[in-house]
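Chemist: just a sequence and a predicted model for now, questions to come.
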Amino acid sequence: MRRTDLFCETLRQSPSDAELAGHQLLLRGGYIQPLAAGIYSLLPLGQRMRQKVEQILREEMDAIGGQEISMPVLHPAELWQETGRWQKIGPELMRLKDRAERDMVLAMTHEEVVTDLLRRQVRSYRQLPVMLYQIQTKLRDEPRARGGLIRVREFTMKDAYSCHATVEDLDAYYPRVYQAYFNVFRRAGIEVTAVESDVGMMGGTMAHEFMFLSEIGEDQLVMCDSCGYSANRQIALFVKGEPEPEEPKALEEVATPNTPTIATLARLLEIPESRTAKAAFFMAGDRLIFAVIRGDMEVNETKLANAVGTLELRPARPEDLQAAGIVAGYASPIGVEGVTVVVDELVARSPNLVAGANRPGYHLLNTNVGRDYEADIVTDIAAAYEGAGCVRCGNPVRMVRGIEVGNTFKLGTEYSHALGATCLDENGEAQDIIMASYGIGVGRLIGSIAQECRDEKGLIWPVTIAPYHVYLVGLDLDDEAVRSAAETLYAQLQAQGLEVLYDDRKERAGVKFNDADLLGIPLRLTISRRALAAGAAELKLRTEPESRKAPLEEAAAQARNEVARLREEILARVRPEELAVR
RNA sequence: CGGGGCGUAGCGCAGCCCGGCAGCGCGCACGGUUCGGGACCGUGAGGUCGGAGGUUCAAAUCCUCUCGCCCCGACCA
């Protein structure tokens, strides 16, 4: 491709509404163009990268028996009503009506449709297993799109669905997808960390997230350097330690003016925060959830939501508390009616905690679960924190941030049961089909790589996904001899099977070099009067500061070898991976 | 949805308080000089000042409403 023909305008300054470095570079390099918040066009360079990533995805999915299909983006609402997600999922699901006023859905994922396919097509266990995948547009009305391609409202996702006659078959297959996922990310040039995760709106029994570790990530991960335990903070378990055993003492009210927080309370009473019980309030629909946790810990909302069996948990507002007669800052479940009390298991086994007296300015000493109040649910609802004890080995864990670039879910029979997708087993009995779903966000992956693979001059793409292999800089092109040598080299490079972007513009050297760096093409070749005088082209890796001379007649072959070497370097990272489990 | 910020030429910004000709840099077009890491000189094109309403002799500027974009939080895969 000649630069004079390429639809690509590079910017010297990045648009002011771009925050992340990777996003800025994608904009400056002319890879993407925003249309609205979280909605982007891919320009030719961006589209080429998407195709590179998609090709890797196809190869890896095909290698584990995947068959590519294409499912609609527009769905009738009935299908989503059948699985209950029409009701369960909030405004994130895009809904619309067609001209006949029928409710429709813009797909955010495709479990419903693929399960509908199964119930129409599959009758016997002999037709299973089957792995179907597609690379398709997804729509999610994110409350807050941000970070360029990292978090968008419309995006391309590779989603795959495996369907099995037995749980054992799924269990045997799942690790193959897991391995294929690692292969995909490594071939695309990045390392990810797989962690066990919450099943969230997908439902099901086991899930992994493939996290690209990055400071800009929005997910928090718990990692143990000692034993390798890793989990999303949403579900991370940890060791809470044993409270000192103590005989229950008599309840006692004390005046504690102006101590609405645990910190002020502990200071006033001169006790550690761990000797207090903290109340936190959430709404599950119109049900008020009264969560009780030890004063030195935080509530993990995902654990709490799972405990009460809801997808929609939101912090309670002052008016919610007022309606229930709860005094914020001085609340405890003692004597409070009409709410769901969820007590962290650590609180349940900690004697004599200080808790609110349910009137302003007073607390109760020596509260004990079971004696002073009853819990509707006792379970683990505490959030892991930096330095908490690892659940597996007890050593302190570390909190890191990550971007979820892929996920895998064992769905079980959640969808097949709801939609009646069954097959007959060996005994001629109808069984719900066992399913799993697997996603990888293509744009998010590219955005993550852009954020990671760059320097102060611009992007530095892994050769496996770079839009072009070689950036051919032609200088002094008004000199006929140089121009003809450049044209010849351009043709030779292509004849070597290389993808070449040939900068034949009437620009000064600095402009072309800077553009080459900005665009992040792995290999740069320069041909100029000076180079020609030496009978050579100059060859430079994007990652190296200096160029070297390559005799003209060898230049194309050397370039091919360099690209092959870069590719092998990346592919050498592909290796077997053990399933991460708790 | 809560808090904060910003909408002026393709991009980056000034002008707004204190109302009075719509500006600067980059980019773009043309001419010339340059020519190996974002050159220089000259000429030029390009703007319903996000939109609507109001105040005023007069609004980019003041007031009201509204739309959009960004950041933090809430939420979410």
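Modeler: Yep, it's here. This structure is a prediction, so every number in the text was calculated from the model and none was measured.
Chemist: what's in contact with the host helix or strand of residue A:302?
Modeler: Applying DSSP states H and E as the criterion places residue A:302 in helix A:301-308. Contact partners of helix A:301-308, identified using Cβ atoms under 8 Å, 6 or more residues apart in numbering, comprise A:198, A:200, A:234-235, A:282, A:284, A:287, A:289, A:291, A:311, A:313, A:340, A:342, A:377, A:379-383. For the C-beta atoms, the positions are set from N, CA and C on the backbone; glycine is no exception.
Chemist: looking at the stretch 451-582 of chain A, which residue is nearest RNA strand B?
Modeler: Relative to RNA strand B, the nearest point of the stretch 451-582 of chain A is residue A:510 (2.3 Å; Cβ to the nearest atom of the strand).
Chemist: hang on, that residue is in a helix, isn't it?
Modeler: Yes. Counting by DSSP: H, G, I helix; E, B strand; the rest coil, residue A:510 falls inside a helix.
Chemist: and for it, the neighbour number?
Modeler: Residues near residue A:510, counting by other Cβ atoms under 10 Å, number 8.
Chemist: now do residue A:92
Modeler: A count of nearby residues for residue A:92, using other Cβ under 10 Å, gives 13.
Chemist: state the pLDDT value of it.
Modeler: Per-residue confidence (pLDDT) for residue A:92: 89.
Chemist: give me the distance between it and RNA strand B.
Modeler: Using Cβ to the nearest atom of the strand, to the nearest Å, residue A:92 is found at 5 Å from RNA strand B.
Chemist: hmm, that residue is touching residue A:145, no?
Modeler: No. Assessed by Cβ atoms under 8 Å, residue A:92 is found out of contact with residue A:145, at 11.6 Å.
Chemist: isn't residue A:56 right next to residue A:186, touching?
Modeler: No. Contact between residue A:56 and residue A:186 fails when scored by Cβ under 8 Å: they sit 9.8 Å apart.
Chemist: quick one, strands of the stretch 301-450 of chain A?
Modeler: For the stretch 301-450 of chain A, applying DSSP state E, counting those that start in this stretch gives strands covering A:313-315, A:340-344, A:353-356, A:362-367, A:377-379, A:389-390, A:398-412, A:422-424, A:430-432, A:434-441.
Chemist: need the contact list for the residue nearest the centre of chain A.
Modeler: By Cα atoms, centre = their mean, the mean C-alpha position of chain A lies nearest to residue A:404, the distance being 1.6 Å. By Cβ under 8 Å, 6+ apart, the residues touching residue A:404 are A:209, A:210, A:211, A:212, A:217, A:219, A:444.
Chemist: for the strands of the stretch 301-450 of chain A, could you give me CSV that also reports mean pLDDT?
Modeler: Converted to CSV, the strands of the stretch 301-450 of chain A look like this (pLDDT from 0 to 100):
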stretch, mean pLDDT
strand A:313-315, 77
strand A:340-344, 92
strand A:353-356, 92
strand A:362-367, 93
strand A:377-379, 91
strand A:389-390, 90
strand A:398-412, 91
strand A:422-424, 97
strand A:430-432, 97
strand A:434-441, 96
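Chemist: could you dump the ones you listed to CSV with distance to residue A:30?
Modeler: Formatted as CSV, these follow (distance: least, Cβ to Cβ, whole Å):
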stretch, distance to residue A:30
strand A:313-315, 41
strand A:340-344, 52
strand A:353-356, 59
strand A:362-367, 62
strand A:377-379, 52
strand A:389-390, 46
strand A:398-412, 23
strand A:422-424, 50
strand A:430-432, 50
strand A:434-441, 22
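Chemist: which one of the ones you listed lies nearest to residue A:546?
Modeler: Taking Cβ to Cβ, strand A:398-412 is the member of the strands of the stretch 301-450 of chain A nearest to residue A:546, at 33.6 Å.
Chemist: now do the closest one against strand A:434-441, angle only.
Modeler: 140 degrees (axes from the mean of the first three to the mean of the last three Cα atoms, to 10 degrees).
Chemist: related to what we said a few turns ago, need the contact list for the residue of the stretch 451-582 of chain A closest to RNA strand B.
Modeler: Contact analysis of residue A:510 by Cβ under 8 Å, 6+ apart lists nothing.
Chemist: for it, give its distance to residue A:545.
Modeler: Spatial separation of residue A:510 from residue A:545 under the definition Cβ to Cβ, to the nearest Å is 16 Å.
Chemist: what about the stretch 251-400 of chain A, any weak spots by pLDDT?
Modeler: Scanning the stretch 251-400 of chain A with the threshold set as pLDDT under 70 gives A:311.
Chemist: what parts of it come near RNA strand B?
Modeler: By the rule Cβ under 7 Å from any atom of the strand, the part of the stretch 251-400 of chain A lying against RNA strand B is A:301, A:305, A:311, A:312, A:313, A:314, A:315.
Chemist: and the buried ones among those residues, selectable in PyMOL?
Modeler: Selection of buried members from these for PyMOL, criterion 16 or more other Cβ atoms under 10 Å:
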select buried, chain A and resi 301+305+313
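Chemist: just flag the most distant two among the residues of the stretch 251-400 of chain A next to RNA strand B.
Modeler: Pairwise distances across those (Cβ to Cβ) peak at 15.3 Å, for the pair A:311 and A:315.
Chemist: who in the stretch 51-200 of chain A is up against RNA strand B?
Modeler: Contact residues (Cβ under 7 Å from any atom of the strand) of the stretch 51-200 of chain A with RNA strand B: A:90, A:92, A:109, A:140, A:142, A:143, A:144, A:145, A:146, A:147, A:197, A:200.
Chemist: among the residues you listed, name the least confidently predicted one.
Modeler: Scoring these by pLDDT puts residue A:200 last, at 62.
Chemist: so how far is residue A:467 from residue A:380?
Modeler: According to Cβ to Cβ, residue A:380 stands 48 Å off from residue A:467.
Chemist: how's chain A carved up into domains?
Modeler: Split into domains by automatic domain parsing, chain A comes to A:21-219+A:401-451, A:252-379, A:460-570.
Chemist: between those domains, which gets nearest to residue A:392?
Modeler: Residue A:392 lies closest to domain A:21-219+A:401-451 among the domains of chain A, at 11.8 Å (Cβ to Cβ).
Chemist: how long is that closest one from one end to the other?
Modeler: 6 Å (Cα to Cα, to the nearest Å).
Chemist: how far away from the center of its chain is it?
Modeler: 11 Å (Cα atoms, centre = their mean, to the nearest Å).
Chemist: no further queries at this time; thank you.
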